[in-house]
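Visitor: Sequence isn't available, so here's the structure alone:
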Ligand SMILES: [Zn+2]
């Protein structure tokens, strides 16, 4: 998953058996379909209503049969779960659900008993948290360990957190409506009742019925379309957790990029998307396979979504979802798509068993992404990109304070906390630093590549905890186990995982010096106070810089205290027209400087930018800065003029921002409290501000 610009801090009834080759990992019918590793008992999974009983069942497969009604923004149909009780005496099945999901009836049959007729089951929906409810289903007496039970849930769902209905004016083409789902982290319980935990994986299939002219795509390995019936059939042949089930339906067309990759987009976007990605996806896949072993998912397609897509990108297996706004910047597009490709190994094939250890997916995927960019684009590019992100990590740390529980790799949260609130840069970058440290310990990056390849091979299609990775690492490198590397003073593995604060060590980025040094030199020139010598400034040719260099420069300038009007005027004179012709990643940062410093001469550019851009990643940070500074009235005026073109969810967020009177306070140093609903509310608000991160 790639986050928003300013880090939050974001399936024919063919019941195919899991391929025999996967049986050892997830398809053995004598075992639950995905068993968390040996350390799983340490994961209380308080975010899952079904936590108390999902280990009592093996979920073999599920099937969705849904009709999409764009006129009333509703999905109706049924879900069929193929479950095998794993223990005797299990009388209740508890699934995660959501108040936006209306259950009409629940039936069951036990085919292996010769009982083919449906038996109606009683059920009850209980409140659980503000992001879900608990669906309790009484099982029939015939449900016994080892025997398949098919539970059919007839239901409808409208606009829960997972489902984003876009009226046609919110699409790029503005001719047809579009709907997409976004399951990460715990949203898919509003899409279909499920064991909404990454600890449980299964195969799935789906039948989706839509009106004429609508194309449906899902995160599935196979698809079929019957024009006569207007029905799309999907099958995901590999076990996936609930959050990786994804759907998009609208006016979508495709162009093949290679034998296993194609790009999908609305027709008006497609030529640009093909031009920007053509030739690259297969190349990146090839590099990734060299490093980490075969790509396991068959297809590697990419679908570009309208600006209402709430994050930058999502690693839905076989079909990456990515926001169309990112097409403007080559550097960010390639980093984002490579990151999602890396999830094909790290996150999707091997998954964190609990959201409390999200770093296992994101830290490993970020490390893998940088191994791929190092091979494809060199050390210097990768070090520059890493420098931008580590800068942002330290910015977030300054805002949260060294003792924030959000800065732990292993977060412990209490009941009621929405795991989505815990998505932050530590998950990515502190996780990356820990993985880099492990690589450094083994002394040879290529040996570490082999370790990662074997780790994937060992655990593929399973969900693991951090201890599984560490135990495997120490078994793989016995000389490191003998040297007690996990206990090295100040760098203890336990301290990496459960300590607050910055990474215990960071990788050497000196290979990026030729790209980052001029950036720092230029920052130093501007930060000396007063207007710098124009001749000195002119020695830096920003038109020859990459997007990432300019972004690093602007991020570091944004870290400075308020700048005098004269300095802003000089910056504007030097760079404003250059930035105006560059991509949105550059423009947003310059305009944030304009807003924070109340530099009115550049106000027309802010207006033009916010009239053009309607994505969360480019609006929320700028509105935040306008409201926190002297230009709140301008924000109110622009919002009044543009709100009809914004998705209702974004409209709500911006309305909240506009109702603020001052910036959120930063954390005080003190003992680290547990992560509760109250603390995540505050810290998420802080995490959203001033971080300046893309991808
Ligand atoms: Zn990710």
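Guide: Okay, I see it. Because the structure is a prediction, the values reported are computed rather than measured. Residues are numbered from 1 along each chain as shown.

Visitor: which of the residues in stretch 146-158 are buried?
Guide: Using 16 or more other CB atoms under 10 Å as the test for burial, stretch 146-158 gives 148-153, 155-158. All C-beta spots, glycine's among them, are computed from the backbone N, C-alpha and C.

Visitor: Those residues in helices, which ones?
Guide: Within those, no residue falls in helices by DSSP state H.

Visitor: Of these, which are in range of the ion?
Guide: Residues of the buried residues of stretch 146-158 in contact with the ion (CB under 5 Å from the ion): none.

Visitor: now, among these, which is nearest to residue 627?
Guide: residue 158 (31.2 Å; CB to CB).

Visitor: Do you know the pLDDT at the closest residue in space to residue 74 that isn't next to it in sequence?
Guide: Spatial nearest neighbour of residue 74, chain neighbours left out: residue 158 (5.2 Å); criterion: CB to CB, 6 or more residues apart in numbering. Per-residue confidence (pLDDT) for residue 158: 94.

Visitor: and residue 158, what is it in contact with?
Guide: With contact set as CB atoms under 8 Å, 6 or more residues apart in numbering, residue 158 has these partners: 72-75, 100.

Visitor: got a winner among the residues you listed for most neighbours?
Guide: residue 75 (25 neighbours; other CB atoms under 10 Å).

Visitor: Can you tell me the element it falls in?
Guide: strand 74-85 (DSSP states H and E).

Visitor: repeat for residue 58
Guide: Here residue 58, judged by DSSP H and E, is contained in strand 57-69.

Visitor: partner strands of that strand, parallel or antiparallel?
Guide: Applying DSSP bridges to the sheet, strand 57-69 is found paired with strand 74-85 (antiparallel), strand 201-209 (parallel).

Visitor: Now find how far off-centre the last one is within its chain.
Guide: Okay, so that is strand 201-209. Centroid separation between strand 201-209 and its chain, computed with CA atoms, centre = their mean, to the nearest Å, is 21 Å.

Visitor: Packing partners of the helix or strand just after that strand?
Guide: Next helix or strand after strand 201-209 toward the C-terminus (DSSP H and E): strand 215-218. In this structure, strand 215-218 packs against strand 201-209, strand 231-241, strand 247-250, with contacts taken as 3 or more CB pairs under 8 Å, 6 or more residues apart in numbering; DSSP states H and E.

Visitor: list the helices and strands the helix or strand hosting residue 448 packs on?
Guide: According to DSSP H and E, residue 448 maps onto helix 445-459. Here helix 445-459 touches helix 280-292, strand 350-352, helix 359-377, helix 431-442, helix 466-476, going by 3+ CB pairs under 8 Å, 6+ apart.

Visitor: Can you point out the buried residues in the last one?
Guide: For helix 466-476, the neighbour count (16+ other CB under 10 Å) marks 466-474, 476 as buried.

Visitor: State the distance from the closest residue to residue 477 other than its chain neighbours to the ion.
Guide: Spatial nearest neighbour of residue 477, excluding adjacent residues (CB to CB, 6+ apart): residue 442 at 5.5 Å. Between residue 442 and the ion the computed distance is 24 Å (CB to the ion, to the nearest Å).

Visitor: Let me see the mean pLDDT of the strand holding residue 75.
Guide: Across strand 74-85, pLDDT averages out at 97.

Visitor: Output the contacting helices and strands for the following helix or strand past it.
Guide: Next along the chain after strand 74-85, taking DSSP H and E as the criterion, comes strand 92-97. Secondary-structure packing of strand 92-97 (3+ CB pairs under 8 Å, 6+ apart): strand 132-138.

Visitor: Can you list the neighbours in contact with the strand it packs on?
Guide: Here strand 132-138 has contacts from 49-50, 91-99, 103, 106, 121-128, 151, 153, 186, 189-190, 193, 196, using CB under 8 Å, 6+ apart.

Visitor: which sections of the protein are below the confidence cut-off?
Guide: 3-44, 115, 662-695 (pLDDT under 70).

Visitor: Which residues of it lie near the ion?
Guide: 1, 362, 365.

Visitor: between these, which is closest to the ion?
Guide: Nearest to the ion among the residues of the chain next to the ion: residue 1, at 4.0 Å, using CB to the ion.

Visitor: quick revisit: was I right to think the residue nearest to residue 477 contacts residue 480?
Guide: Yes - the pair residue 442 / residue 480 is scored as a contact, 6.8 Å apart, by CB atoms under 8 Å.

Visitor: What count of nearby residues applies to the closest residue to residue 647 other than its chain neighbours?
Guide: Once flanking residues are discounted, residue 647 sits nearest to residue 308: 3.9 Å by CB to CB, 6+ apart. Residue 308 has 23 neighbouring residues, counting by other CB under 10 Å.

Visitor: I'd like the numbering to begin with 9 instead of 1 from here.
Guide: Taking 9 as the first residue, the last one we looked at is residue 316.

Visitor: contacting residues for residue 316?
Guide: Going by CB under 8 Å, 6+ apart, the list of residues near residue 316 reads 172, 174, 178, 622-624, 654-655, 657-658.

Visitor: Just the ones of those residues in helices?
Guide: Under the assignment DSSP H, the contacts of residue 316 contribute 624, 657-658 to helices.
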